[in-house]
Structures are given as structure tokens and as C-alpha cells.
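> What would the 3D arrangement of this be:
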Amino acid sequence: MAHSHSHSHSHSHNHHHSKNKKALLISFFIIASFVLVVFIGGLITNSLTLLSDAGHMLSDALSLGIGLLAFKLGEKAVNSQMTFGYQRLEILAALFNGILLVVIALIIIFEALQRLANPEEISSLGMLAVAVTGAIVNIIVAFILTRADTSENINVRAAFMHVLGDLLGSVGAIIASILILLFGWSIADPIASLLISIIILRNGFEITTISFHILMEGIPMNIDVKQIRDALLNIQGVVGIHDFHVWSISSDFPAVSCHLEILRNEHDKVMKEALRILHDDFHIEHATIQVERANAQLDQYEHHRCNSYN
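Numbers count the residues shown, from 1 in each chain. Okay, the predicted model is just below:
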């Protein structure tokens, strides 16, 4: 049996880890310091759009804070109780963030529907000033997070989606305040809140679904399992494959385990080629592979199958 977890992966993972943590830390301080400003602005101007924006910014701050906590706890060393360490805390944090987004969106939708039936007077100039400031703050934070690993790390992606939703909220508030200022359309405020909440709901549902998929040991969404299976079966000397599993430890840490059957005594050659294919062609650097003689496979199948689930 062989286990592959190369040094290059560790170096790259640590580099992205430090970069992501720094981006989350800076973003957290910016967002957390501005939540109160938007909330007070919403109360003074009586704008539901600004209040919903403040609520979303609060969830941003919680998202970023939980993300930082997950990264910090994820740095704890592997021990006898946690053989993969605490890396999956980032998935739990992302799941919490996704659920939080859904809850906030539903609350905003309820309030917006109430105001659609009974529009209230809005202080449009104050609303516009706070909304523009909020948009600038969110653009800055969004830019900081784009410098991090938003494509691979689901926790950073969750935080990024929070900020994008909040930026859209600020844009919606700007448009609504201009409509109220120019035409006196107070109904623009709950309409903007309703549209923003739908976007927030979609983002929350997506993050929740992805997090749940990873926690349930689902196949990584960016990996074609059939291609991996076919590539391993095409290795010279390989005649079969079983106990084939592909899953994720965390959002950017895919793993593979399988048993390869061979006819000739070429264990080392087949093992080396299998690990090379997984690393070079599929960017999977954590693999556990067992190579066994095909004529012995029938006698040992149940034994190996049980071991694969232990």
C-alpha cells in the first residue's frame, strides 16, 4: 500500500492558507467597524433597504469572524483523535454562513412584503449618503477577498458571497433612494429590499448545498470520477479496480482511495504510475492506493472491502 501527500501540496496549501487568513482578517475589521454606521443610518432614514443591508453586513462580520476561527483551529496539529486535524471546521463554518444567509433573506422578504402593503416615508438624502458609503466599503472588501482563494476555498467563497450580496444591497439602496428623491416613490425601498433578499437567498442556498455535499463525503464537484477511473484502468498491467472512493477532506483538499488489480508482479511500477496520473492529470495529491494480484482478489475481496470502510 502507498500513501501520497507531497511536500508541494503542503507548501501550496500553507501559502493559500496564510493568504486567505490575512484577507479575512482585514475584511473582518473593515466590515465590523461599518455595521453600526449602516444600522444607525437605516434607523434615522427609516429605510428597510439600509436596515437589511446592515443585517447583511452583520452576517458578513460573523461570516468573516467564524472563517478566521475555522482557519485558526484548522492549524491545530493532527492528533490521535483527529487524524486529519481540524480542517473540516471551515466546512462547518461555511454551512453556518449559508444557513445564516437564508434566514436573513427570509426575514427581509417578510418585512418587505409588509412595507409593500403599507409604504412608509423615507429620508432619501440620508439614505443615499449611507448607501454610497456602504457601496465603497463593500467594493474595498470585495477587492481584498478577490486576492484570496475564492475559487477553491469554500469558506472564503462564502465570505465573498456575503460581501457581494451586501454590495448589491448598497447598489439597490442607491437606486431606491434616487427614485424616492426624484419621484417620491417610497415603494422603491421595499421593492429593492425584496430583490436583494432573493439574491441573498440564492447565495445562501448554494453555500449550504455545497457544504452539505462535502460533509456527506460527496464527490468533489470539480472532479470527473469517470475520467479518473478510466485513466487508472488504462495503466499498463491494470485489469480491474474496486473499492474506488473520491471525496473531500475540505473544499480544497480532495482525496482518492482504491484497489488496483494486476496480472503480473509489477506492484511498484503500477503504484508509481497511478500516483503520477492522480497528481499530474487531476491535481489530487492525497491518494491511498493498494495494488493486488487479480487471481488473489476473489479470495481477499471481502477482507479488503471491510478494511476500506474502517
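> use CA for all of it now, contacts and neighbours both
OK.
> and residue 243, that one's in a strand?
Yes. Under DSSP: H, G, I helix; E, B strand; the rest coil, residue 243 falls within a strand.
> bridging residues for the closest residue in space to it that isn't next to it in sequence?
Distances taken as Cα to Cα, 6 or more residues apart in numbering put residue 258 closest to residue 243, at 5.1 Å, once the chain neighbours are dropped. For residue 258, the beta-bridge partners under DSSP bridges are residue 289.
> helices and strands of the chain: which one bottoms out on pLDDT?
Ranking every helix and strand in the chain by mean pLDDT, DSSP states H and E puts strand 2-5 at the bottom, with a mean of 43.
> hang on, the earlier thing: check the spacing between the residue nearest to residue 243 and residue 201 real quick.
The gap separating residue 258 from residue 201 is 39 Å, by Cα to Cα, to the nearest Å.
> what's the answer for residue 254, then?
For residue 254, the distance to residue 201 - Cα to Cα - is 28 Å.
> Please apply the same query to residue 158.
Taking Cα to Cα, one finds residue 158 at 13 Å from residue 201.
> Between the two, which is the more surrounded one?
Between residue 158 and residue 201, counted using other Cα atoms under 10 Å, the more crowded position is residue 158 (30 against 21).
> so who does that one touch?
63, 94, 97, 98, 207 (Cα atoms under 8 Å, 6 or more residues apart in numbering).
> what do you get if the cut-off is 10 Å, keeping everything else the same?
Contacts were defined as Cα atoms under 10 Å, 6 or more residues apart in numbering; by that measure residue 158 touches 60, 63-64, 67, 91, 93-98, 101, 150, 164, 203-204, 206-208, 211.
> Please save the CA atoms from stretch 177-189 in CSV.
What follows is stretch 177-189, C-alpha atoms only, in CSV (Å, rounded to 0.1, in the frame of the first residue of the first chain):
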residue,chain,number,x,y,z
SER,A,177,-33.0,56.5,-2.7
ILE,A,178,-32.6,58.2,-6.1
LEU,A,179,-36.1,57.1,-7.1
ILE,A,180,-37.6,58.3,-3.8
LEU,A,181,-35.6,61.6,-4.1
LEU,A,182,-36.7,62.4,-7.7
PHE,A,183,-40.2,60.9,-7.8
GLY,A,184,-41.3,60.3,-4.2
TRP,A,185,-41.6,56.6,-4.9
SER,A,186,-41.4,55.3,-1.3
ILE,A,187,-42.4,51.9,-2.6
ALA,A,188,-39.0,51.6,-4.2
ASP,A,189,-37.5,50.9,-0.8
